[in-house]
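Undergrad: what shape does this take:
(2 chains)
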Amino acid sequence: MGAGSRPGTPGGTKPETTVTTVSNSSQVTIGCKAFFEKDNEIRQAEILSIRDKAQKRNIQRTADDAPLENDDGKVEYEFYVHYVEFNKRLDEWVPETRMRMDKPVTFPKKKNKSTHSAQHQSSRDKRRKTNVGGSVASANSPQTPDAIRHDDAAYTAPQGSFSKEKEIEKLRTQGSMTQSTSEVARMKNLNMIEMGKFQVEPWYFSPYPIEYSYIPVLYVCEFCLCFYSNRTQYARHRAKCTLQHPPGNEIYRKDDISFFEIDGRRQKTYCRNLCLLSKCFLDHKTLYYDVDPFLFYILTKRDEKGFHIIGYFSKEKESADNYNLACILTLPQYQRMGFGRVLIQFSYELSRVERKVGSPEKPLSDLGLLSYRTYWAEILVEHLMSVDGEISIEELSQRTFFTTQDIMHALFNLDAIRYYHGQHCIVLSERVVEAYERFKKKKHRKVDPTCLKWTPKVFTQAELRYI
Amino acid sequence: MVNAQRFRARKVDLKRTLPVYRASDLDDLDDDDNRQVDAIETGVEKDEEAEHHLQAAISATLAAASGSAPAKSVYIPTPDASQVTAEYEALYKQKFTCPRGLIRSSETVEECCAPMYCADDEDLGWLKEENARRSKAGDAELTVDAFEAAMDALETVTRDMVFTRAEDVPSPAYLVTYSVERERPLGRKTVGSLYDHWKTRRVARNAKPIMAALQNEDGAKAEIDPYVCFRRREVRQGRKTRRADQRSLEQLRRLRVNLAAAAQMLEMCVEREREKTAVVEAAQEVARQRCSVLRMRRRHNVTGSDFDDLFVPPQQTQRKRVAQAQRPRAAGVRKPRVASGLASAAANAQSNNGNGLSSGDCTPQPFMLPRTVSVAQYPAPKRLSAMADRIRSRAQSYEARMAGWVDATFAGPAAPFAGFAGAGSCKNNGLFWAPPSAASTAFRMRAGRFGRLYVDRRAVRAPSVPDARVQQYCAGLLRPEDHARLQPRSLSSSTSASDQLAELLRPFSFGSLENGAAALDPANALPGIDASSVVVPQAPLPIAVAQEHQPTREPAASDASLLSGSTVGGFSTPAGSKDAMLATQAMLAAPMLTSSASMPAVPLFSGAH
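TA: Numbering: from 1, shown residues only, chains lettered A, B, ... in the order given. Alright, predicted model coming up:
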């Protein structure tokens, strides 16, 4: 994850870190990088937290601390690890038995509190001292002992180009896809989410109330997305809840698929609940600011119980950067069924009604990038197959409502931009044409633009204030 | 490598059309100068771009596109989401019937799940005990719903309160009063039974709300606390720049100039009105002086000089003289003078577009004799009969001109009849009369304060009563035979109610005036009086005259008021009715204002001529 802590990266932490082998797992500290077995491979992983396996009690142990006194091997440990160069969603607790003692361990640099020449050293390592769910209260922590504490003394700007003020300003003025500035947020805080029929493992940290962190199961009502830590409370809520569809206006219905439009300002609770839930599956989503400036488009599937949420995307009411989409998520239980494509297509159908080209807000996640690339490629090839002669990128943009940048991105990816006889041209390779023919034969979920009953909302300055 | 650099150097022109080929159509496509994949911004965070699974997926699709590897779907592995719960059916019991149309809903989550407080096991345990106690005491059971509602109310009321220690928890009595102040009254009884339980739970939670809530307030460390979310966005402060300053300065300056201009305009308005007053006052003073001159002349028996010298502006005097020369002069010395004075006033009124005095006109008006001076000196019956003759002849000529035509306009006195004939079902004529072509709208004239007349346009929903009045009014302007000819037609087109009214009003219609006028000596008809002299400033005259000279003949009086009323634009009613009183008042008020030079009495004249 951390750019500075990857081996071989220029400006990395090599000079400050020590690489050694350990005989006992109790010697490792938070921030160490060790090798673990995973899916019959050996992967390097960074240790983000340590806990006592029996008591599930987190242990704070940083590079500055003395080794744990566990020489007799009585206590069994678990490590919360992030596999280097794998997505965070695969981070997990692993027993110490999976740690490979024969491989070297990279220790982070010991923190020297008296000097502040820390600007060039790895900020990640400086931030290792994070205690999560622990019971150790240090002197500079005035908070209640059970609170998960974030060590802000250890928090500094990682690079010269990055400042907290800038980050917050970016959050405030731009969309919602900036990384959380906190270290606690590197660890998942929920174990399992039960939502309607499904039980889903969360992927990332989400700021549900701190009381709900690390509970076995978080219960989420499928319709209003209210959350409960307690099965009884959840059942009580279900007895009262009358919602059977997202609390907004249905703007699209074709067969059992519907879209609902929800104004973040009017449906605060629902939209907050939705954001909290989606944060569990979106790494780069931030919930720093409130939901007012966004509209939420909820994709649902109807059955005899009601309209079940499948996924959603959010969109700024007024985007300075011509984004037509801020966050997009298909809930994990509905992934790989083609709903992501439906969401993406719908966002462009809205752009078509608005007569504005648009692009998704960046950064994209890995899954987001793949989905978008696939969608762009499909649509562009479809258009290009019908072109006889010549077409400009701008005209493609006007037809598809993709930005020219996204079109170039997709065409490069298709290997379609070639230089031929002294000029650029678009070449569709046989593979691309084949893939398109295959795609055409398959049945895909698609949005039917004639079923969209929508006029873009126009917001007054007063309605956009404070957001 | 050279090729690659050349390629990189030339960017694709977005505006330029690019030829589209199939790879199979080109045989001489060189393959090594186009690998520009690195140049693409993926839009993924730099840290994550290198992730193995993503790279695997990207290279798989790339390979598929370039044909170097068979296409196969490569998925990025995600945590497990395949488990289902067995309790779903038990928890989601409600069936759903889908409406045919699209759903439109604005209910919030709070409204759909109220109360938001949900009892947990601890609550239910307490509730069980409480209910056991209650059943022993013979009290009604406390249901879970009631319990949750009460707990929710307690939590809501104390939401903004700060208390940290157990002894700081507010007392039930305080909570009740406080809740009433906050307009979310708590039941004293519910608070009483729940309070201890609620307090215990609250203390156990370190005084925080029992149900965990999101943290969204900005505390000292809130900025970096990952659990604080959904903060309010502060108002965006405009950047303070020199240009921004200058712009606001410019705006302020312009505002100041505009305000100053407005103030100046107002001052000028005041000045203008002052001047107007001065003009009016001067005119009055002149008139007064003239009167005194006249009195003086009379006292000293100065003859020879013309009355008109004093009271009529030179150019009008001349015209009047010509006009008068053509008319037979009556025996009375003063009366013609008075009459000519009136005529000149009327002529003057007409000269102003026939509208009397326009509001912006500040030229001194010719002096008009005070009403009280002249009234008693008119031989009213003669004047009346002359008027009647005059009107009759006019109506006759109008009829002759209009013979064979249906008047679709609203100009002449016969217009309402055209309306009647045309719109048979239209019951709304009269004071509410409609132009024949547009039965859906109607106009109403009414007198406002200070004699202002309003023309209202209103929807058709008027009683049928005015029908008869208008018939009456119009009938009054026509000869009996015309009347007879037209009446059946109009009556047949009106409803029974208006028929009855028409019957009631018949004695007051033109016939009676005819009788009254016939009884008077035509030879005494006032010369020099034409219809135009009936214009408003003298409107009250006929009434006064009628009452003076025909005290016993009510119908005539009412007809007089009818006639004069007609000149005011439709306020013609039988004597004794409330409307007549109002109309009279309106007429009395009108001349005062017209003579004060600035009131717009515009519509008064247009209808009658």
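
Undergrad: on the three-state scheme, the residue of the stretch 251-400 of chain B found nearest chain A is what?
TA: Closest to chain A within the stretch 251-400 of chain B is B:Q251: 17.2 Å, counting by Cβ to the nearest Cβ. For every residue, glycine as well, the C-beta is placed using N, CA and C. What DSSP: H, G, I helix; E, B strand; the rest coil gives for B:Q251 is helix.

Undergrad: contact partners for it?
TA: By Cβ atoms under 8 Å, 6 or more residues apart in numbering or on different chains, no residues touch B:Q251.

Undergrad: ok, which stretches of chain A are helices?
TA: Secondary structure of chain A (DSSP state H): helices at A:123-126, A:164-173, A:231-240, A:268-279, A:339-354, A:366-386, A:393-400, A:404-413, A:430-441, A:461-464.

Undergrad: ranking those by burial, who's on top?
TA: The highest mean neighbour count among these, using mean count of other Cβ atoms under 10 Å in any protein chain shown, belongs to helix A:268-279: a mean of 23.

Undergrad: which intervals of chain B have sub-threshold pLDDT?
TA: B:1-10, B:30-39, B:66-72, B:183-184, B:217-223, B:235-239, B:303-380, B:407-442, B:458-609 (pLDDT under 70).

Undergrad: where do the domain boundaries of it fall?
TA: B:121-204, B:264-369, B:374-606 (automatic domain parsing).

Undergrad: please apply the same query to chain A.
TA: Using automatic domain parsing, chain A is parsed into the domains A:3-112+A:121-133, A:174-467.

Undergrad: out of those, which comes closest to chain B?
TA: That would be domain A:174-467 among those, by Cβ to the nearest Cβ, at 3.5 Å.

Undergrad: and the average pLDDT for that closest one is what?
TA: Per-region confidence: domain A:174-467 scores 91 on mean pLDDT.

Undergrad: mind listing what B:P77 touches?
TA: By Cβ under 8 Å, 6+ apart, the residues touching B:P77 are A:L90, B:H53.

Undergrad: and for B:C113?
TA: By Cβ under 8 Å, 6+ apart, the contact set of B:C113 is A:C224, A:C226, A:H237, A:K240, A:C241, A:T242, A:L243.

Undergrad: all strands for the stretch 151-300 of chain A, in order.
TA: Using DSSP state E, counting those that start in this stretch, the strands found in the stretch 151-300 of chain A span residues A:193-195, A:198-200, A:218-220, A:227-228, A:249-254, A:257-263, A:294-303.

Undergrad: out of those strands, the one nearest B:A261 is which?
TA: Distance to B:A261, taken as Cβ to Cβ, is lowest for strand A:257-263 among the strands of the stretch 151-300 of chain A, at 43.8 Å.

Undergrad: what lies in contact with the closest one?
TA: With contact meaning Cβ under 8 Å, 6+ apart, strand A:257-263 is reached by A:245-253, A:270-271, A:295-302, A:307, A:342, A:346, A:445, A:452, A:454, A:457, B:103.

Undergrad: please indicate which of those residues are buried?
TA: The neighbour-count test (16 or more other Cβ atoms under 10 Å in any protein chain shown) marks A:245-253, A:270-271, A:295-302, A:307, A:342, A:346, A:452, A:454, B:103 as buried among the contacts of strand A:257-263.

Undergrad: does stretch A:435-446 reach chain B?
TA: Yes. Stretch A:435-446 comes into contact with chain B (Cβ under 8 Å from any Cβ of the partner chain), by way of A:A435.

Undergrad: enumerate every residue touching A:C32.
TA: Shown in contact with A:C32 (Cβ under 8 Å, 6+ apart): A:E46, A:I47, A:V105, A:T106, A:F107, A:P108.

Undergrad: neighbour-wise, which of those residues leads?
TA: When neighbours are taken as other Cβ atoms under 10 Å in any protein chain shown, the top entry among these is A:P108 (28 neighbours).

Undergrad: let me know whether it touches A:T29 as I believe.
TA: Yes. At 7.5 Å, A:P108 counts as touching A:T29 under the criterion of Cβ atoms under 8 Å.

Undergrad: hang on, the earlier thing: need the strands of the stretch 151-300 of chain A in TSV with distance to A:N40, can you?
TA: Shown next, in TSV, are the strands of the stretch 151-300 of chain A (distance: least, Cβ to Cβ, whole Å):
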stretch	distance to A:N40
strand A:193-195	29
strand A:198-200	26
strand A:218-220	32
strand A:227-228	37
strand A:249-254	45
strand A:257-263	40
strand A:294-303	37
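
Undergrad: shaky segments in the stretch 51-200 of chain A?
TA: Applying pLDDT under 70 to the stretch 51-200 of chain A flags residues A:56-73, A:110-182.

Undergrad: how near is A:N324 to B:Y88?
TA: 35 Å (Cβ to Cβ, to the nearest Å).

Undergrad: kindly report the same for B:R297.
TA: Distance from B:R297 to B:Y88, by Cβ to Cβ: 115 Å.

Undergrad: do the same with A:Y334
TA: Counting by Cβ to Cβ, the gap from A:Y334 to B:Y88 is 15 Å.

Undergrad: what's the answer for A:Y204, then?
TA: 25 Å.

Undergrad: the more surrounded of these two?
TA: Using other Cβ under 10 Å as the criterion, A:Y204 and B:Y88 rank with A:Y204 on top: 23 against 15.

Undergrad: now that one: closest residue in space that isn't a chain neighbour?
TA: Using Cβ to Cβ, 6 or more residues apart in numbering or on different chains and skipping the chain neighbours, the partner closest in space to A:Y204 is A:D283 (5.0 Å).

Undergrad: I figured that neighbour hits A:R89, correct?
TA: Yes. At 7.4 Å, A:D283 counts as touching A:R89 under the criterion of Cβ under 8 Å.

Undergrad: who's in contact with the residue nearest to A:Y204?
TA: A:N87, A:K88, A:R89, A:Q179, A:W203, A:Y204, A:S365.

Undergrad: drop anything exposed from these.
TA: Counted by 16+ other Cβ under 10 Å, the contacts of A:D283 give A:N87, A:K88, A:R89, A:W203, A:Y204, A:S365 as buried.

Undergrad: from the chain's centroid, how far away is stretch A:183-192?
TA: 12 Å (Cα atoms, centre = their mean, to the nearest Å).

Undergrad: does any bit of it sit next to chain B?
TA: Yes. Using Cβ under 8 Å from any Cβ, we find that stretch A:183-192 touches chain B at A:V184, A:A185.

Undergrad: list the residues that contact the residue lying closest to A:S429 once chain neighbours are set aside.
TA: The shortest distance from A:S429 to any non-neighbouring residue, by Cβ to Cβ, 6+ apart, is to B:A23 (4.4 Å). Applying Cβ under 8 Å, 6+ apart to B:A23 gives the contacts A:V427, A:L428, A:S429, A:E430, B:L29.
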